[in-house]
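**Student:** Let me see the structure of the following:
(one chain, ligands or ions: 1)
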Amino acid sequence: MSIIQFPEDFYWGAATAAYQVEGAWNEGGRGLSIWDTYAHTPGNIRNGDNGDIACDSYHRYEEDIAYMKELGLHTYRFSISWSRVFPDGTGELNKEGLDYYHRLVDKLLENGIEPFCTLYHWDFPQALQDTGGWKNRDTIDAYVRYAREMFKQFQGKIKYWTTFNEPWCVSFKAHYIGDLAPGEKNLQSALDVAHHLMIAHGRTVKLFRKLGIPGQIGYAPNVSWREPFSSTQEDMDACRRRIGWMVEWFMDPLFKGEYPEFMAAAFEAGGAKVNIQPGDMEDIKQPIDFLGINYYMGSLGRYQKDNGLFELEDIDEGYERTDFNWPIYPEGLYKVLLHITERYGPISIYITENGACYDGEPIQGKVEDTKRIAYLSKHLTQLNRAMKAGVPVKGYMAWSLLDNFEWADGYSRRFGLIHVDFNSLIRTPKDSFFWYKKVIANGWLEV
Ligand code: BGC
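**Tutor:** Residues are numbered from 1 along each chain as shown. Down below sits the predicted model:
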């Protein structure tokens with residue numbers, strides 16, 4: 001047994017996202033988002049599920065905050081649904097929708113929990129999708145306008161802002177792989193979307209500084225790790241391209257003001273090219289206060305001719321897996337954090353998401369999720385190792401506070417520290433909840 005000690009001022013948190021927990025999809029003047037459209041289209045979501053009710057946190061946020069308080073959270077990462085506050089994406093502000101977030105934020109503050117707000121966690125207004133979505137450069141202005149209003153409304157209350165959650169998912173997963181809304185499969189579209197997201201991010205950071213909003217602003221890309229199967233140049237290059245897809249493509253422009261050439265070459269080989277207009281790279285390269293990192297999985301990787309865009313084969317047999325079938329690779333978190341710090345310097349990092357999918361129902365009021373505890377514990381150990389190696393990690397947010405609407409997998413996949421019965425909406429804290437509560441109270445864990 002050994003003790004893994006975290007600094008006293010370490011920020012412990014948990015995360016959710018609006019569409020995954022709020023429900024109330026057509027209440028309080030909320031406009032349609034692309035997730036309403038996508039989830040209401042038969043065939044897109046497992047079991048025909050949708051986020052109409054989800055965890056009903058729109059009505060039950062006080063109960064959720066009471067659980068956060070019991071857990072001892074320092075911070076709660078949530079997202080604002082753009083179409084709840086601007087039903088058409090632009091146009092009139094919806095006072096009723098806005099008031100929900102004021103009630104939520106006020107209640108968090110009353111309970112001594114710091115609100116950590118994500119402005120964009122995928123539920124994009126359908127009205128803007130109808131005019132081309134993120135492929136249309138005008139969407140950048142719409143986003144900056146939305147952000148400006150949120151800064152104005154919540155300044156002094158919300159001190160931590162994140163512009164985008166997982167821009168890789170918004171661009172490549174939703175527009176190239178095609179299994180998230182809006183579900184397109186086109187590499188050029190994905191590259192255009194990624195570029196526009198980064199410009200929107202940069203211009204929003206610029207605005208945040210210009211308005212002198214008190215607090216910090218960052219960005220939350222998702223990363224993973226591929227360890228070369230062998231030390232051949234081919235294996236190393238293939239893994240580098242796979243990591244570069246999530247890390248360098250979304251971070252080089254922010255920190256260096258340019259796209260990595262080795263990745264641009266890989267995209268060009270796939271027939272797509274980033275369209276940069278004068279001033280774009282200057283807009284994107286804005287100093288940020290923190291980098292949010294979402295990490296779930298990794299594995300070994302090996303070069304394989306003609307296997308996908310990056311000619312890479314994942315070698316993930318032999319890994320333990322979560323119920324989502326994701327290979328568990330805690331060391332990848334350590335490796336990717338070191339890689340980021342070496343490449344970009346010591347930028348403050350918050351782990352904005354990390355967690356595991358394990359299903360499991362309450363038995364006599366108890367959910368024994370020992371595998372989730374093991375997963376979290378291994379990742380926290382690697383995180384601590386990275387901190388000892390000099391990575392300035394300031395906090396950790398478990399994904400997720402609650403079981404919730406797991407996008408294309410609906411309610412069939414559970415990531416929560418708290419079990420939610422999606423018929424009765426009854427919450428039951430799992431064993432991992434009580435384990436995490438102890439970790440937070442102590443500031444250390446035993447492994
Ligand atoms: C997303 C979450 C999602 C989680 C598990 C992340 O990609 O930000 O919204 O629920 O992974 O799939």
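
**Student:** Could you verify that Ala386 is part of a helix?
**Tutor:** Yes: looking at Ala386 with DSSP: H, G, I helix; E, B strand; the rest coil, it is inside a helix.

**Student:** State the distance from it to Gly292.
**Tutor:** Ala386 sits 15 Å away from Gly292, taking C-beta to C-beta, to the nearest Å as the criterion. All C-beta atoms are positioned from the backbone trio N, CA, C, and that covers glycine.

**Student:** Please apply the same query to Ser57.
**Tutor:** Note on Ser57: its distance to Gly292, by C-beta to C-beta, is 21 Å.

**Student:** How about Trp25?
**Tutor:** As for Trp25, its distance to Gly292 is 26 Å (criterion: C-beta to C-beta).

**Student:** same check, this time on Gly318
**Tutor:** Counting by C-beta to C-beta, the gap between Gly318 and Gly292 amounts to 31 Å.

**Student:** Among Ala386 and Gly292, which residue is more densely surrounded?
**Tutor:** For Ala386 versus Gly292, the count of surrounding residues by other C-beta atoms under 10 Å is larger for Gly292: 27 against 21.

**Student:** what's the helix or strand for the residue lying closest to Pro87 once chain neighbours are set aside?
**Tutor:** Nearest-residue entry for Pro87: Gly31, 2.7 Å, with adjacent residues in sequence omitted and distances by C-beta to C-beta, 6 or more residues apart in numbering. Per DSSP states H and E, Gly31 falls between elements, in no helix or strand.

**Student:** doesn't Gln126 make contact with Gly31?
**Tutor:** Yes: shown here, Gly31 and Gln126 form a contact pair, counting by C-beta atoms under 8 Å, at 7.1 Å.

**Student:** what residues do these two have in common as contacts?
**Tutor:** Here Gly31 and Gln126 have Ser83 as joint contacts, going by C-beta atoms under 8 Å, 6 or more residues apart in numbering.

**Student:** show me where the stretch 251-400 of the chain has helices.
**Tutor:** 261-269, 280-284, 330-344, 370-388 (DSSP state H, counting those that start in this stretch).

**Student:** and Ser299, what does it touch?
**Tutor:** Ser299 sits in contact with 226-227, 314-316, 319, 327, 329, 332, where contact means C-beta under 8 Å, 6+ apart.

**Student:** can you pick the most crowded of those?
**Tutor:** Ranked by neighbour count under the definition other C-beta under 10 Å, these are headed by Arg226 with 29 neighbours.

**Student:** Leaving out sequence neighbours, find the closest residue to that residue.
**Tutor:** Excluding its sequence neighbours, the residue lying closest to Arg226 (C-beta to C-beta, 6+ apart) is Gly301, at 3.5 Å.
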